[in-house]
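K.L.:
Give me coordinates for this.
(3 chains)
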Amino acid sequence: MTEAERGWSDDAHRYAEGAGAPPDGAAERAGVDRFVAAVQAYRNGLPSLGDELDVRIMAGVRARPRPVRVTGWRWLVAPRAVSVRPALAAAAAVTLIVASSVLTLLLLRGEAPAGLDGGATGSILVRFEVHAPQAERVALAGSFNAWSDSSIVFTRGGDQDQWTVTVALAPGRYQYLFVVDGSEWIPDPLAHAQIEDEFGQVNSLLVVGPRGVVRS
Amino acid sequence: MAGGLSDGRDDAVIVQRVLRGDVEAFGVLVHRYREAFGRYAVASCGDADVAADAMQEAWIRAYDALATCEHPDRFGAWFFRILRNQCHNHRSRSRTHASLDDVTVPAPTRTDARVEWGELRGLMERALQRLPTEQREAFVLRHVDGRPYAEMAALLGEREDRLRMRVHRAREAVRRELEGHYD
Amino acid sequence: MSALRWGVMVASIAAAAQPAPAQERNVRAELTARGAPPAYVEVIAERVSAARAARLPAGPMIDKALEGWAKRVSAPRVEVALDQLRSRLEAGRAAVIAAGASEPTDAVVAGAAEALARGLTPDDVRALVSRAPGSEAAAAGLMVAASLHAQGLDHAASVRAVEEAYGPEVDPAQLYELPSVVAGLAGQGMPMADLARRIMQGGGLPLPPMAGGAGQGAGRPGQVPPGPQGNQGSGRQQRRQ
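P.N.:
Numbers count the residues shown, from 1 in each chain, chains lettered A, B, ... in the order given. Sure thing, here's the model as predicted:
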């Protein structure tokens, strides 16, 4: 094992922290000394945030509403007056665009939805699918339809094994299950999470955003 | 040594004054802790302009939320947490256009002390930017700011033994970077 | 009957015939419409009105009762669930008030109760409420943080992700994007622990901008994995870690 792999002795670490005597080995001692010199060089070379920043900060502070204890619901919603340098803004945009390509949305066009609110603006088409070749009837029951096992019914796909239904939902958080043949309540493996239903079983959880849903 | 957390009573008095309407009194806190934590901000963000933005945003938020500061005698630690948060935000936002390769390190030479100084600084900068955030923070507070572990524990809300371990690991990583360059 | 008393009687009948305020749901009507027997309905209704008297939101309790009935859960079991829900609504309300809101909306209290149910702490609830830019955002933020935690993100990262997404320019509905972002990243192979670490270090999850609408990245439906043979199990499934 080379010295580089072995690491410093405890003495060397203590010495680097400014406590204790220098380590015995010459090479180790030289290494610690170089470390200390590097820290010093770094510290001395750090640009400082000067007093003029204080001026800029106080100018921003004076423009803010007075800080008061929040009683009731007086929320401070004034826009933040922070100068964003153009390069920084562009960088932020790049990060967001890269991230949004991760979102492949299940927005389907042309598929008649079992609309709950007639496709009102702000509602998202969400498709549910389940593989149930032996079933004769599959329904969707959840917090969006008071858990009725008859109001939203799946249709069988071309291959007879896959059942689907598309529902218009407003952005929000929903719990639901699939009801097979009126009696078997099963979770959706494509849900965001499975959570306890407080009756000793699980519900599936899906959170619908204004631009749709991504499943795992 | 960087500015320590000041006498808490003084800070508490100033906070009360500001909450009663004396905006200008806030400037005392701004000056005190901008100085105390400025190096931390620059080292954390890796860039002075980014650090300045983070610092400004942190102060605005501290002012807005001043009434929620439950222990005004520990204003420094409370503000530090806000600043730390902003440094994280601003650092990650700027990361897409800053590259580690931009930190050029000249080839080793034994001839000129000034050149070596620049080398060492460049190496340290690069080593720090490569550290995981928590290690970098702890290293900066300990070695660059020179704060005692007890103070670091108060600022970061972490146990001292954990912080010592973090600094230890960071030191080892820096050591490897330095030795890798010179050996 | 004198004209005056007749007038008074007509007025009071008219008043009684006024429909209940739009927000106030009628648990009896809803349960009865779904075929629940009167005895069951009464037990539930009693609990709901007690909750209302304590200024707790009735909606979550009514929803839970409807769910219990739909699943044909026994009445005693539903009662227990409602009692537990009531405790959480009380705890949620207390946490929200401790955060500085003296008259919280039902949505926020319900959100707080849900957050506590999913394993967030009262401190988490206080943080989410006090840092929200408005009560709508607070309600959404609580629900979303609860969901992120249910997806497997540790509670600190769940809270931090929401806090970082709060902002005066952010429509509260956008907060509901976060679980999809997590699902997408997890689907690309990122372990939850790594995601949590990135959130804590980098200050949040990337929240896609609203501008651009459905055109951005939309259209192609995701691949649906083939399910297992036969029906999907017996209704019990491992909680996703």
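
K.L.:
Let me see the confidence value for the nearest residue to A:Met58 once chain neighbours are set aside.
P.N.:
Among residues not flanking A:Met58 along the chain, B:Gly27 sits closest, at 5.1 Å (C-beta to C-beta, 6 or more residues apart in numbering or on different chains). (Each C-beta comes from the backbone N, C-alpha and C, glycine too.) If you check B:Gly27, the pLDDT there is 93.

K.L.:
Name the helix or strand for B:Gly27, please.
P.N.:
Using DSSP states H and E, B:Gly27 falls within helix B:26-45.

K.L.:
Could you do C:Ala161 as well?
P.N.:
Counting by DSSP H and E, C:Ala161 is found in helix C:155-165.

K.L.:
Domains in chain B, by residue range?
P.N.:
B:1-98, B:99-183 (automatic domain parsing).

K.L.:
If we ignore the residues flanking it in sequence, what's nearest B:Ala127?
P.N.:
Leaving out its chain neighbours, the residue that sits closest to B:Ala127 by C-beta to C-beta, 6+ apart is B:Glu177, at 3.9 Å.

K.L.:
buried stuff in the helix or strand harbouring A:Val39?
P.N.:
Here A:Val39 is covered by helix A:26-45, with elements defined by DSSP H and E. For helix A:26-45, burial by neighbour count (16 or more other C-beta atoms under 10 Å in any protein chain shown) applies to A:28, A:31-32, A:34-35, A:37-43.

K.L.:
Now render the residues you listed as TSV, adding pLDDT and distance to A:Pro133.
P.N.:
Listed next are the buried residues of helix A:26-45 as TSV, based on pLDDT from 0 to 100; distance: C-beta to C-beta, whole Å:
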residue	pLDDT	distance to A:Pro133
A:Glu28	90	70
A:Gly31	89	69
A:Val32	92	70
A:Arg34	89	70
A:Phe35	92	67
A:Ala37	89	73
A:Ala38	91	67
A:Val39	93	68
A:Gln40	90	73
A:Ala41	89	71
A:Tyr42	92	66
A:Arg43	90	69
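
K.L.:
and the residues you listed near chain B, which?
P.N.:
Under the cut-off given by C-beta under 8 Å from any C-beta of the partner chain, chain B has A:31, A:34-35, A:37-39, A:41-43 from the buried residues of helix A:26-45 close to it.

K.L.:
quick revisit: contacts for the helix holding C:Ala161?
P.N.:
Outside helix C:155-165, the residues that touch it by C-beta atoms under 8 Å, 6 or more residues apart in numbering or on different chains are B:89, C:119-121, C:124, C:127-128, C:131, C:141, C:144-146, C:148-149, C:153, C:174-175, C:178, C:182, C:195-197, C:199-200, C:203-205, C:207.

K.L.:
which is the next helix or strand following that helix?
P.N.:
Following helix C:155-165 in sequence, per DSSP H and E, is helix C:178-187.

K.L.:
what's the following helix or strand after that next one?
P.N.:
Of the helices and strands lying after helix C:178-187 in sequence (DSSP H and E), the nearest is helix C:192-202.

K.L.:
helices and strands around that next one, which ones?
P.N.:
For helix C:192-202, the packing partners by 3 or more C-beta pairs under 8 Å, 6 or more residues apart in numbering or on different chains; DSSP states H and E come out as helix B:75-94, helix C:155-165, helix C:178-187.

K.L.:
Now with 10 Å, please.
P.N.:
If contacts are counted by 3 or more C-beta pairs under 10 Å, 6 or more residues apart in numbering or on different chains; DSSP states H and E, helix C:192-202 sits against helix B:75-94, helix B:133-139, helix C:135-151, helix C:155-165, helix C:178-187.

K.L.:
how about that helix: buried residues?
P.N.:
C:192, C:195-202.

K.L.:
what does stretch C:171-191 give?
P.N.:
Applying a neighbour-count criterion of 16+ other C-beta under 10 Å, one finds C:172-186 buried in stretch C:171-191.

K.L.:
Keep only those of the residues you listed that are also close to chain A.
P.N.:
Applying C-beta under 10 Å from any C-beta of the partner chain, the subset of these adjacent to chain A comprises C:172-186.

K.L.:
Just the C-alphas of the longest helix anywhere in chain B, formatted as PDB.
P.N.:
Longest helix in chain B, counting residues (DSSP state H): helix B:160-182. The C-alpha trace of helix B:160-182 is given here as PDB (Å, rounded to 0.1, in the frame of the first residue of the first chain):
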ATOM      1  CA  GLU B 160     -19.300  17.300  17.300                       C
ATOM      2  CA  ASP B 161     -18.000  13.800  16.800                       C
ATOM      3  CA  ARG B 162     -19.800  13.600  13.400                       C
ATOM      4  CA  LEU B 163     -18.300  16.800  12.400                       C
ATOM      5  CA  ARG B 164     -14.800  15.700  13.300                       C
ATOM      6  CA  MET B 165     -15.300  12.600  11.200                       C
ATOM      7  CA  ARG B 166     -16.500  14.700   8.300                       C
ATOM      8  CA  VAL B 167     -13.500  17.000   8.500                       C
ATOM      9  CA  HIS B 168     -11.200  14.100   8.800                       C
ATOM     10  CA  ARG B 169     -12.500  12.500   5.600                       C
ATOM     11  CA  ALA B 170     -12.400  15.800   3.800                       C
ATOM     12  CA  ARG B 171      -8.800  16.300   4.900                       C
ATOM     13  CA  GLU B 172      -7.900  12.900   3.500                       C
ATOM     14  CA  ALA B 173      -9.500  13.700   0.200                       C
ATOM     15  CA  VAL B 174      -7.700  17.000   0.000                       C
ATOM     16  CA  ARG B 175      -4.400  15.200   1.000                       C
ATOM     17  CA  ARG B 176      -4.900  12.700  -1.900                       C
ATOM     18  CA  GLU B 177      -5.500  15.500  -4.300                       C
ATOM     19  CA  LEU B 178      -2.400  17.300  -3.200                       C
ATOM     20  CA  GLU B 179      -0.200  14.200  -3.200                       C
ATOM     21  CA  GLY B 180      -1.600  13.100  -6.500                       C
ATOM     22  CA  HIS B 181      -0.400  16.300  -8.100                       C
ATOM     23  CA  TYR B 182       3.100  16.400  -6.500                       C
END
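
K.L.:
I am finished for the moment; much appreciated.
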